[in-house]
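Engineer: need a structure here:
(2 chains)
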Amino acid sequence: GESVGLHLPTLSVQEGDNSIINCAYSNSASDYFIWYKQESGKGPQFIIDIRSNMDKRQGQRVTVLLNKTVKHLSLQIAATQPGDSAVYFCAETQGAQKLVFGQGTRLTINP
Amino acid sequence: GAVVSQHPSWVICKSGTSVKIECRSLDFQATTMFWYRQFPKQSLMLMATSNEGSKATYEQGVEKDKFLINHASLTLSTLTVTSAHPEDSSFYICSARFRGWTDTQYFGPGTRLTVL
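Structural biologist: Have a look, this model is predicted:
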């Protein structure tokens, strides 16, 4: 079956640097993508989303880029802070309601 | 806005007992709620989709008689783990779909179940 996957399971960056977390998807029919942040022992927290008719969407310190040609999604976090340390999941909607999650990337912020 | 709560946040029970977990959308109506389980250092696995007023749709491999789901109102869904065993120990997370322009799912804080 088709799935959403991530290129890197772990990522370490220096505090204040920018982070880029990547995600590959294989279902060209997916039309809605979401990035979630999950801290230890907590539920996923919505960060930002994007529809397939867009290439880029910006939030507060975060930007999501969608490249439909190569089926690639990325999350950029500007000026990372210690509180950004978490596991980040990309997810896509397939069909009417289901979310399919990637395996996650653990982001560690070094002081 | 878009707050989802779960209760309890953690529970420890003896093998063979049943445990009920509640999921509530606090500030919006959710026609659809979802139940996931997550093992340590793994991604979320969808267990079932719960629609208000109708039977839940279970994912392949999920025992519907073991994981009973009830979605009695637009703000409440419950998951009951019946005759729990140690292998059912996991982190159970619900989400509610917010029917705005994005149909985004918002997640609860999760329930840690430990079966002794």
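
Engineer: which ones are touching the closest residue to A:Ser30 other than its chain neighbours?
Structural biologist: Nearest residue to A:Ser30 in three dimensions, chain neighbours excluded: A:Glu92, at 4.1 Å (C-beta to C-beta, 6 or more residues apart in numbering or on different chains). Any C-beta I mention is one placed from the backbone N, CA and C, and that applies to glycine too. If a contact means C-beta atoms under 8 Å, 6 or more residues apart in numbering or on different chains, then A:Glu92 has A:Val4, A:Tyr25, A:Asn27, A:Ser30, A:Tyr32, A:Phe33, A:Ile34, A:Leu99, A:Val100 as its contacts.

Engineer: Up against chain B, what does chain A have?
Structural biologist: A:32, A:34, A:36, A:41-46, A:49, A:51, A:89, A:93, A:97-99, A:101-104 (C-beta under 8 Å from any C-beta of the partner chain).

Engineer: three-state assignment of the residue in chain A that chain B sits nearest to?
Structural biologist: As assessed by C-beta to the nearest C-beta, chain B sits closest to A:Gly43 within chain A, at 4.0 Å. Under the three-state scheme (DSSP: H, G, I helix; E, B strand; the rest coil), A:Gly43 adopts coil.

Engineer: okay, now the closest residue to it other than its chain neighbours: neighbour count?
Structural biologist: For A:Gly43, ignoring the flanking residues on the chain, the nearest one in space by C-beta to C-beta, 6+ apart is B:Phe107 at 4.0 Å. Other residues lying near B:Phe107 total 23 when counted by other C-beta atoms under 10 Å in any protein chain shown.

Engineer: Bridged to the residue nearest to A:Ser30, which residues?
Structural biologist: For A:Glu92, the beta-bridge partners under DSSP bridges are A:Phe33, A:Val100.

Engineer: looking at it, B:Ser90 is touching B:Leu113, isn't it?
Structural biologist: Yes: applying C-beta atoms under 8 Å, one finds B:Ser90 in contact with B:Leu113, separated by 6.0 Å.

Engineer: Where does pLDDT dip in the chain?
Structural biologist: No chain was given, so I picked chain A. For chain A, applying pLDDT under 70 flags the ranges A:1-8, A:95-97.

Engineer: Actually, chain B is the one I wanted.
Structural biologist: B:1, B:99-102.
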